[in-house]
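Engineer: Model the structure of this input:
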Amino acid sequence: MGKINLKLFEWYFLFGLLLYTVGQFLIFIFYNDIEALHSQEPIDFAHWFMLIGVLLLIPQIGNFPKSKWNYISSPTLILGIGLIIGMCVLDFVFWSLKEPELKRQVSEHLINTPEIWKPFMKFNGLLFNLGLLTSSFSYYKNSKTGTLLVLIGTLVIYM
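Structural biologist: Residues are numbered from 1 along each chain as shown. Next up is the predicted model:
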């Protein structure tokens, strides 16, 4: 097996994916216990991992191999990253509210405001994962296995 020579932005991308995955895993652990998710101390680790993770993906977007897929993948991935950032901000607000009645009122208001709730809480992962998947198609000639793994991972997420 040959030595892997990655550029700095590629290392950022891989490290960003790792951090994002750790954040998602923490959310998965707390999935049935939202109070435990919001009681993380001293910070909301899950969403900080996700936020830093998606920010580290940005430098790679302009460096994907040039292909037809980039016309779809790059804007979709950028939009998905923006929506994940917005979702993290909303979850930081939920995390910061310690008074149960205030938390209930704020969450009820946000849930009933589709202009905020739908893009940031419903579509963020869909667009983000679609952007990652279509970006991987640019690498199909170089790594069929890698593209297949991304496809399988995306299917697992949506099931």
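Engineer: wait, what's in contact with the residue lying closest to S67 once chain neighbours are set aside?
Structural biologist: Nearest non-adjacent residue to S67, counting by CB to CB, 6 or more residues apart in numbering: S138, 4.4 Å away. From N, CA and C alone the C-beta is placed, and that goes for glycine too. Each residue near S138 by CB atoms under 8 Å, 6 or more residues apart in numbering is listed here: 64-67, 69-70, 73.
Engineer: Recalculate using a threshold of 10 Å.
Structural biologist: 64-70, 73-74, 147 (CB atoms under 10 Å, 6 or more residues apart in numbering).
Engineer: For PyMOL, what selects the buried ones among those?
Structural biologist: A single PyMOL command suffices to select whichever of the contacts of S138 are buried according to 16 or more other CB atoms under 10 Å:
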select buried, resi 64+67+69+70+73+74+147
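Engineer: pLDDT added to the contacts of S138, as JSON lines?
Structural biologist: Output for the contacts of S138, formatted as JSON lines (pLDDT from 0 to 100):
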{"residue": "F64", "pLDDT": "84"}
{"residue": "P65", "pLDDT": "82"}
{"residue": "K66", "pLDDT": "84"}
{"residue": "S67", "pLDDT": "84"}
{"residue": "K68", "pLDDT": "87"}
{"residue": "W69", "pLDDT": "86"}
{"residue": "N70", "pLDDT": "88"}
{"residue": "S73", "pLDDT": "92"}
{"residue": "S74", "pLDDT": "93"}
{"residue": "T147", "pLDDT": "85"}
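Engineer: Now, the contacts of S138 that are in helices?
Structural biologist: If you go by DSSP state H, the contacts of S138 have 70, 73-74, 147 in helices.
Engineer: Could you export those to TSV, including columns for distance to W48?
Structural biologist: As requested, the ones in helices among the contacts of S138 are exported to TSV (distance: CB to CB, whole Å):
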residue	distance to W48
N70	30
S73	26
S74	25
T147	30
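Engineer: Thank you, goodbye.
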